[in-house]
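Undergrad: Have a look; sequence and predicted model below, questions after that.
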Amino acid sequence: MVNDKNQNSNPNLPTLKQVRERLGMTQEQFAQEIGITSRTIRNHETGANQLKLSLGQFKRLKELLEQAGMSIDDLPDDID
């Protein structure tokens, strides 16, 4: 799970929303790229729920991070 509200006390880690914005994507585009609904992204960004990804979705997120010049290590550690 990815939780934008709890970044393990490191405010320098980007939120998933910041990653999406860095890629220049709307919530709809980002959700489609990962293979989830835009409602899931919206709920995650507003703090209504944590993001749960399948392994395939997680791998696609990793690819998107690399396109943004980032690494999966740049995200908070609260991915279960």
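TA: The structure has been received and is ready for your questions. Numbering: from 1, shown residues only.
Undergrad: can we go C-alpha only for contacts and neighbour counts from here?
TA: Will do.
Undergrad: List the buried residues in the helix ranked longest in the chain.
TA: In terms of residue count, the longest helix belonging to the chain (DSSP state H) is helix 55-67. For helix 55-67, a neighbour-count test (16 or more other CA atoms under 10 Å) marks Gln57, Phe58, Arg60, Leu61, Lys62, Glu63, Leu64, Leu65 as buried.
Undergrad: How about stretch 35-54?
TA: So, applying 16+ other CA under 10 Å, buried residues of stretch 35-54: 35-36, 38, 40-42, 44-45, 49-53.
Undergrad: Output it as CSV, restricted to C-alpha atoms.
TA: The C-alpha coordinates for stretch 35-54 follow below in CSV (Å, rounded to 0.1, in the frame of the first residue of the first chain):
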residue,chain,number,x,y,z
GLY,A,35,-4.5,-0.2,-14.5
ILE,A,36,-6.7,1.1,-11.7
THR,A,37,-9.7,3.4,-11.7
SER,A,38,-9.4,7.2,-11.5
ARG,A,39,-11.7,7.0,-8.5
THR,A,40,-9.1,4.9,-6.7
ILE,A,41,-6.4,7.6,-7.4
ARG,A,42,-8.8,10.4,-6.3
ASN,A,43,-9.6,8.6,-3.1
HIS,A,44,-5.9,8.0,-2.4
GLU,A,45,-4.9,11.6,-3.1
THR,A,46,-7.6,12.9,-0.8
GLY,A,47,-6.6,10.5,2.0
ALA,A,48,-9.8,8.4,1.9
ASN,A,49,-7.9,5.2,1.4
GLN,A,50,-4.5,3.7,0.8
LEU,A,51,-3.5,2.5,-2.6
LYS,A,52,-3.4,-1.3,-3.0
LEU,A,53,-1.6,-2.5,-6.1
SER,A,54,-1.1,-5.9,-7.7
